[in-house]
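Novice: Below are the sequence and a predicted model; questions follow.
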Amino acid sequence: MEKDILNNSIDRSWIDQLTKPLVISGPCSAESEQQILETARKLNNSYIQVFRAGIWKPRTKPNNFEGIGKEGLKWLNKVKKNTGLMVSTEVANSEHVKLALSFDIDILWIGARTTASPFTIQEIADALVERNDQIILVKNPIHPDIELWIGALERLFVKGIRKLGVIHRGFYTYNNPKYRNQPNWNLLLNFRDILPNIPVICDPSHICGNKEGILDIAKKAYHYFQYDGLMIESHCNPDSAWSDAQQQITPEYLLEMLKKLINVDKIHKNKKSLNSLRILIDELDENIITLLSERMNISKKLGSLKKLSDISVLQPNRWKNIMNKYLTLGKNLGVSEVLLEGVFKLLHQESIKIQNE
């Protein structure tokens, strides 16, 4: 499919009619009717338009809580009637879709694991035939694959869905000390270059995996990258949550956060551009530091193995071959030879020092 056809046919009316940024909030999982209704009542509908709760939870390992199931849809329906909030939940197969629609759920979102499976996306798209007015949000796949993400949108589009949006929940990277899921802001900019018309919602809860970083990520998304909305997990008693307790906040704290985000003076366009570029560089620098730590840990193991095998720490021929290989790679990528020589000499010296300890 031509991406211009998809981009130009997106129906943004459902989000453009809002006078404030779209905010979707509620617990990671529906646990009880009382928990759902109490959380919903505490959300301020001057700032939050949509209540969310996971009914079916795709977990990494078995024997964990995997959602309350169909019963939770009744609770969401009560939230809708009692509070006037729109309601939303995640769907992962055609049966979920049919059940959610039978309970008049306003917004369905497709999770990261599901987005990564074209067969499952097709099953969901087929279940949405003749539901052209349904709002569907598609989370990014776990790994940074733009074409896979766009492919999911195209499958839904072909079946007549026009009220589409995406949720940026970050991307899996092994052993990241700062994030549960790396933001990879630059990938999102590339995505928006391809599909600039599609609404983009940021999910700071899943990017951070903790309460402490949510405001910072939300600020970057809203102020500097001009996202259309936020999805933030909230719970009436986060510490007792059955899933992802560490990344859920109270409705009261959420309101404080949203006031700080929304009720501020607009940032000048040039400053916004400057800060967004600095954020991209900061993320790359954080990745470099993480990789350096991993590299030094491997150097320690290498030093121990060389001692056991009575091998000299310094290997001049290998060092020469490495430098030639990396200088050639750098030249192909447009990286200064002087810069690469300086960086790798420092890395080599530190590695030799560690191996000799």
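Specialist: Ah, there it is.
Novice: switch to C-alpha atoms for all contacts and neighbour counts from now on
Specialist: Will do.
Novice: so where do the helices sit in the stretch 1-150 of the chain?
Specialist: 3-9, 13-16, 33-42, 70-83, 94-102, 112-115, 118-127, 146-158 (DSSP state H, counting those that start in this stretch).
Novice: hey, least reliable of these by pLDDT?
Specialist: Here the helices of the stretch 1-150 of the chain differ in mean pLDDT, and the lowest is helix 3-9 at a mean of 93.
Novice: In that one, which residues are buried?
Specialist: Counting neighbours by 16 or more other Cα atoms under 10 Å, one finds that the buried residues in helix 3-9 are 6-7, 9.
Novice: Save the residues you listed as TSV, and put in distance to residue 120 too.
Specialist: Listed next are the buried residues of helix 3-9 as TSV, based on distance: Cα to Cα, whole Å:
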residue	distance to residue 120
6	20
7	23
9	24
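Novice: I'd like to know which of these is nearest to residue 183.
Specialist: Lowest distance from residue 183 to those (Cα to Cα) belongs to residue 7, with 23.2 Å.
Novice: got a list of what that closest one touches?
Specialist: By Cα atoms under 8 Å, 6 or more residues apart in numbering, the contact list for residue 7 reads 195-198.
Novice: Can you check the pLDDT for the closest residue to residue 56 other than its chain neighbours?
Specialist: Spatial nearest neighbour of residue 56, excluding adjacent residues (Cα to Cα, 6 or more residues apart in numbering): residue 67 at 4.4 Å. Looking at residue 67, its pLDDT reads 86.
Novice: Residue 43 too?
Specialist: Here, the pLDDT recorded for residue 43 equals 98.
Novice: Surely it and residue 251 touch.
Specialist: Yes - here residue 43 lies in contact with residue 251, judged by Cα atoms under 8 Å, at a distance of 5.4 Å.
Novice: Show me which residues of the helix or strand hosting residue 345 are buried.
Specialist: Secondary-structure assignment from DSSP states H and E places residue 345 in helix 337-356. Residues 340, 344, 351-352, 354-356 are the ones in helix 337-356 that count as buried (16+ other Cα under 10 Å).
Novice: which SS class is residue 242?
Specialist: Following DSSP: H, G, I helix; E, B strand; the rest coil, the label given to residue 242 is coil.
Novice: Packing partners of the least confident helix or strand in the chain by mean pLDDT?
Specialist: Comparing every helix and strand of the chain by mean pLDDT, DSSP states H and E singles out helix 269-309 as the least confident one, with a mean of 91. Here helix 269-309 touches helix 337-356, going by 3 or more Cα pairs under 8 Å, 6 or more residues apart in numbering; DSSP states H and E.
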